[in-house]
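Student: fold the following and give me the result.
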Amino acid sequence: MTSKKISRRGFVQNSMIGMGMLPLSSMFTSYQSADRPLNVVCVGAHPDDPETGCGGTLAKFSHQGHYVTIIYLTSGDAGIVGKSLEEAAAIRTEEARKACVILGAKPVFIGQVDCFTVADNSWFEKIQQVLEAEKPDILFSHWPIDSNRDHMITSILVQKAYLQMGYNFPFFFYEVCTGRQSQNFLPTDYVDITDFREQKIEAIICHASQGFISKENYQKKDHKLMEDFRGLTLRVEAAEAFIRLTTRTNKVITII
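Tutor: Sure, this is the predicted structure:
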């Protein structure tokens, strides 16, 4: 039987992961001095939300050898004009699966209905059970101040589960359509996604049922502009920004 030696730096990094203090940018390589890859879990309200909000970051984690899981609260049931809820859900579920293949992620669908999401005790328990099954080392979800009801409810459910689970791993909020949907988003952490931007775009355009999603529209609106703007902070071509949920066990560390 062989044992793996862990350096003092590795020990410190592993301890910081557990306390939620390790800078987000450092987590991509931290597992190299640990005993296993990280479990990276992202929760989104609809198919296309995690992809647009933090698809570059998720692709980067996957590329570095970490396990990535995307949990979709709904299947986008109300997201296609002229289709029934069931028809739209089937189409958008398949689109999300294709996007996850591109990002190197495992998709999980948990069955709330688009535009009719609820936050009650049964769903608090269900979200917690789903997250506990995935054993996250790092967690992402929607910023709660958002004009979209489903985004808000997703964030509330995940926050409640996170607090019940003991908040001993870092939790980051991502932004979507800032200004139109995410509001008052003041980042604490940034990730350079320059090398993963094309991969993110390919995942996003899998959602062809959403008429506004195309490579051309992406270049003109919303997330392209957000990535350019956040990239200015890091002096890189493209970046994604996050807000770290702070508790008594972790601290805000700004990466600039």
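
Student: how about the helices in the stretch 101-250 of the chain?
Tutor: Here the stretch 101-250 of the chain has its helices, by DSSP state H, counting those that start in this stretch, at 121-134, 149-164, 197-204, 215-220, 222-234.

Student: neighbours of residue 118, how many?
Tutor: Residue 118: 10 surrounding residues under other C-beta atoms under 10 Å. (C-beta placed from N, C-alpha, C; glycine too.)

Student: one more: residue 88?
Tutor: Neighbour number of residue 88 under other C-beta under 10 Å is 20.

Student: ok, the one 5 residues further on next?
Tutor: Here the neighbour count serves as a burial measure; for residue 93 (other C-beta under 10 Å) it reads 18.

Student: mind giving me the packing neighbours of the helix or strand harbouring it?
Tutor: Here residue 93 sits within helix 85-103, counting by DSSP states H and E. In terms of contacts (3 or more C-beta pairs under 8 Å, 6 or more residues apart in numbering; DSSP states H and E), helix 85-103 is packed against helix 49-63, strand 67-74, strand 105-112, helix 197-204.

Student: how does it look with 6 Å?
Tutor: Helix 85-103 is packed against helix 49-63, strand 105-112, helix 197-204, with contacts defined by 3 or more C-beta pairs under 6 Å, 6 or more residues apart in numbering; DSSP states H and E.

Student: what about the longest one, distance to the chain center?
Tutor: Same thing as helix 49-63. 7 Å (C-alpha atoms, centre = their mean, to the nearest Å).

Student: ok, and what's touching stretch 216-234?
Tutor: Stretch 216-234 has contacts (C-beta atoms under 6 Å, 6 or more residues apart in numbering) with 52, 177-178, 190, 192, 201, 237-239, 241.

Student: which of those count as buried?
Tutor: Neighbour counting over the contacts of stretch 216-234 (16 or more other C-beta atoms under 10 Å) leaves 52, 177-178, 190, 192, 201, 238-239, 241 as the buried ones.

Student: quick one: which two of those are the most distant?
Tutor: Greatest spacing in the buried ones among the contacts of stretch 216-234, by C-beta to C-beta: 177 and 192 (21.4 Å).

Student: now, among the contacts of stretch 216-234, which is nearest to residue 207?
Tutor: Using C-beta to C-beta, those come closest to residue 207 at residue 52, 8.8 Å.

Student: quick one, what contacts the closest one?
Tutor: Counting by C-beta under 6 Å, 6+ apart, residue 52 makes contact with 176, 204, 223.

Student: roughly how far apart are residue 207 and residue 137?
Tutor: As judged by C-beta to C-beta, to the nearest Å, residue 207 and residue 137 stand 28 Å apart.

Student: more crowded one of those two?
Tutor: Legend: neighbour count by other C-beta under 10 Å for residue 207 and residue 137, higher for residue 207 (24 against 21).
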